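Colleague: My questions concern the predicted model and sequence given below.
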Amino acid sequence: MSHTLESYARGAWFTPEDEGAPLADANTGETVARISANGPDVAGMIDYARSVGGPALRALTFHQRAIILKQLAAYLTEHKDEFYALSHRTGATGRDTMVDVDGGFGTLFSFSSKGRRELPNSTVILDGPVEPLSRQGTFVGQHVYTSRPGVAVQINAFNFPVWGMLEKLAPAFLAGMPSIVKPASQTAYLTEAVVRRMVESGLLPEGSLQLLVGTHRGLLDHLGPQDVVGFTGSAATGALLREHPNVVRGGVQLNVEADSLNCSILGPDVGVEDPEFDLFVKQVVTEMTVKAGQKCTAIRRVIVPQSMADAVTEAVSARLSAVVVGAADHDGVRMGPLATLDQRAEVTKAVRALLASADLVHGDLDGVEVVGADAETGAFMSPILLRARPEAAEPHEVEPFGPVSTVIAYEDLAQAVELAARGRGSLVGSVVTHDPDVAREVVLGLAPWHGRILVLDRDDAKESTGHGSPLPMLVHGGPGRAGGGEEMGGVRGVKHHMQRTAIQASPDMRPRSRGTGPPVPDATSARCTRSARTSPSCGSATRSPPRSARSRARTSTTSPSSPVTRSTPTPMRRQPPPTRCSAGSWPTATWWSRSPRGCSSTRLRARCWPTSVWTTCGSSPRSRRARASGCD
Ligand code: NAP
């Protein structure tokens, strides 16, 4: 008998009183687990997150939080076989599982690394230089980012039950916000399994993670202005959330990642003999078949020169014919089933709508040959390639969330860009060309409509991460139809969960960078690169950086790897030099260039001083240097 999924609420597992509805294995239709619409007390969960999880998280520095993320990723990796087995039941093949499970853990590793390299070992981020606001210099401004005392509610779609959770959780966790994760019901059994391991690891501060399974009733009703909702799912649900009174009037911050009619454009410079032609065709087929096309970033619109439309259609069809469809864990299977039978019915409906202005050129809506499973009890579907008729509207309006793409012909590049824009805003677009002028025109035309753009050619293809892979260090999100939200994007994704405040004060009273926690021991510091040695995350800097780093330090106005912000010159009282390095005065790349000449005993002082001191206490560079080192 399959178990009924549990929520993790207020530090304990909550078992619903009823056994709930069955969740089917996408390959066989067998019941994997059951899910109940009767969940725990949502208001209590929100209160617990705010009163227990938030304070526990915010007591840690960014580096301490980052180390936990890394340890968590390592812990989960030890259990990945168990997740792989469940992932197959969602319809994910080995390749798809890598994207979801390994990709999710990779995202934790990446945010951990970014947090330690790019954020201070502190709980506050100074943002930008000190702004002089007065003639006499007694009044200055400084932007700071602080953690919100709220909760991050994360509502996820069914297609990435692991990655979808972790890509939202990691930046919120780093920002000091506790998370309540609401997985989509269809594949919630995999999310639940991962959360069980996360809780069992004992690594997470109490209350920093809760799981709400099976219901979203009242989820936004108890949220307020310090809370953040991250939503991924359909445009229809996104629109419902936007209309919630707490979003409209209550100040709840809502980030929406909705559907997206992503395109890939073949440059007019590419002929069938060029390597870019094969790259283009392969990319289209990959995007149609990975996760059976159930990816928000999949290519739905294949935009090609009129003269190449036949060649592309034939080449894509030929490749699709070789795709083996079948049970997700069966050897040799390239494409598994959709997540559910309902989903197959939805996609079939969307294809029928597309057929109003396009012709079916590959695939069969009524059936598909599968290996290792039954095509009817499993949610299998044939890959479908369509060819748009002139002036077709539907390919720019209807999202078939499955293995479906439409070839659309263009006359010239201006029209290609115009067709791309008819998607009304997408997560990602790509252009495959070896001509820099074509790349330039397409990128500039597409950029306002897209969150990410890939330019693919023979030179970057080998190392390219591909059209459909969002990366933790880059923005994931898109304007307009794609929801207008923004996720990940490295440290910017962390700041997105924090409040930016401009502090106006006298120079002595302005916020300074002070590490509030002890240096975080971590084996990674041993791996610091030469260029990163001066970063706070690399422990104490004991060797001179390369010359290039010194000259960079002289010209830059801020040190991105340092919590210390340099100010523009403003008169201020000189501070007594510290006698030893404290956690609050991290060595920075800048001090190297400031070590005073002829002031032999001040090496340590100069090294430990907040950089702002030397830039603000004198007029000439020489006197500034001398005063900074305390030897004037
Ligand atoms: P969905 O039906 O909108 O559901 C998404 C999530 O919202 C689920 O967790 C669902 O919970 C929850 N939900 C539904 N109604 C809600 C309400 N009134 N209040 C709060 N939460 C509510 O979408 P889906 O079918 O899972 O996902 C498919 C869609 O997601 C596609 O259109 C695809 O384009 C889009 N998507 C976008 C991205 C992106 O990054 N832009 C990524 C993946 C998918 P239940 O499951 O329990 O109903």
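Modeller: Nice, thanks for sending it over. This structure is a prediction, so every number in the text was calculated from the model and none was measured. Residues are numbered from 1 along each chain as shown.
Colleague: low-confidence ranges in the chain?
Modeller: 1, 513-632 (pLDDT under 70).
Colleague: again, 50 this time
Modeller: 516-632 (pLDDT under 50).
Colleague: domain assignment for it?
Modeller: As assigned by automatic domain parsing, the chain contains the domains 3-122+138-258, 262-470, 521-632.
Colleague: then the host helix or strand of Val32 to CSV, C-alphas only?
Modeller: Secondary structure from DSSP states H and E places Val32 in strand 31-35. Extracted C-alpha coordinates of strand 31-35, given in CSV (Å, rounded to 0.1, in the frame of the first residue of the first chain):
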residue,chain,number,x,y,z
THR,A,31,0.1,4.3,-7.7
VAL,A,32,3.4,5.7,-6.4
ALA,A,33,1.9,7.6,-3.4
ARG,A,34,-1.2,9.3,-2.3
ILE,A,35,-1.9,13.0,-1.7
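Colleague: Run through who's touching it.
Modeller: With contacts defined as C-beta atoms under 8 Å, 6 or more residues apart in numbering, strand 31-35 is touched by 2-5, 19-25, 86, 89, 185, 188-189, 192, 213-214. For every residue, glycine as well, the C-beta is placed using N, CA and C.
Colleague: Show only the entries of the residues you listed found in strands.
Modeller: Ala21, Pro22, Leu23, Ala24 (DSSP state E).
Colleague: Give me the buried entries from those residues.
Modeller: Leu23, Ala24 (16 or more other C-beta atoms under 10 Å).
Colleague: Tell me the residue of the stretch 301-450 of the chain that sits nearest the ligand?
Modeller: Phe401 (4.7 Å; C-beta to the nearest ligand atom).
Colleague: Now that residue. Nearest residue, chain neighbours left out?
Modeller: Closest residue to Phe401 apart from its sequence neighbours, by C-beta to C-beta, 6 or more residues apart in numbering: Gln294 at 5.7 Å.
Colleague: Just list the residues touching the one you found, thanks.
Modeller: Phe158, Asn159, Leu338, Ala339, Gln343, Phe401, Gly402.
Colleague: Identify the residues contacting the second one.
Modeller: Residues near Asn159 by C-beta under 8 Å, 6+ apart: Thr187, Lys291, Gln294, Lys295, Cys296, Ala339, Phe401.
Colleague: Close to the ligand: what parts of the stretch 101-250 of the chain are there?
Modeller: By C-beta under 6 Å from any ligand atom, the residues of the stretch 101-250 of the chain that approach the ligand are 155-159, 182, 184-185, 216, 219, 232-234, 237, 240-241.
Colleague: next one: the chain
Modeller: Counting by C-beta under 6 Å from any ligand atom, the chain sits next to the ligand at 155-159, 182, 184-185, 216, 219, 232-234, 237, 240-241, 257-260, 296, 399, 401, 427, 482-483.
Colleague: Only the buried subset of these, as a PyMOL command please.
Modeller: The following PyMOL line selects those of the residues of the chain next to the ligand that are buried, judged by 16+ other C-beta under 10 Å:
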select buried, resi 155+156+157+158+159+182+184+185+216+219+232+233+237+241+257+258+259+260+296+399+401+427+482+483
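Colleague: Could you work out the most separated pair of the residues of the stretch 101-250 of the chain next to the ligand?
Modeller: With C-beta to C-beta as the measure, no two of these lie farther apart than Asn159 and Leu219, at 20.3 Å.
Colleague: just to revisit the earlier point, which among the contacts of strand 31-35 count as buried?
Modeller: 4-5, 20, 23-25, 86, 89, 185, 188-189, 192, 213-214.
Colleague: closest to the ligand among those residues?
Modeller: Out of the buried ones among the contacts of strand 31-35, the member with the shortest distance to the ligand (by C-beta to the nearest ligand atom) is Ser185, at 3.7 Å.
Colleague: Can you verify my assumption that the closest one contacts His216?
Modeller: No - look at Ser185 against His216 with C-beta atoms under 8 Å: they stay out of range, at 9.4 Å.
Colleague: Overlap in contacts, the two.
Modeller: If you check Ser185 and His216 against C-beta under 8 Å, 6+ apart, no residue is contacted by both.
Colleague: Kindly provide the distance from the closest residue to the ligand within the stretch 101-250 of the chain to Trp163.
Modeller: With C-beta to the nearest ligand atom, the shortest gap between the stretch 101-250 of the chain and the ligand falls at Gly233, namely 2.5 Å. As for Gly233, its distance to Trp163 is 15 Å (criterion: C-beta to C-beta, to the nearest Å).
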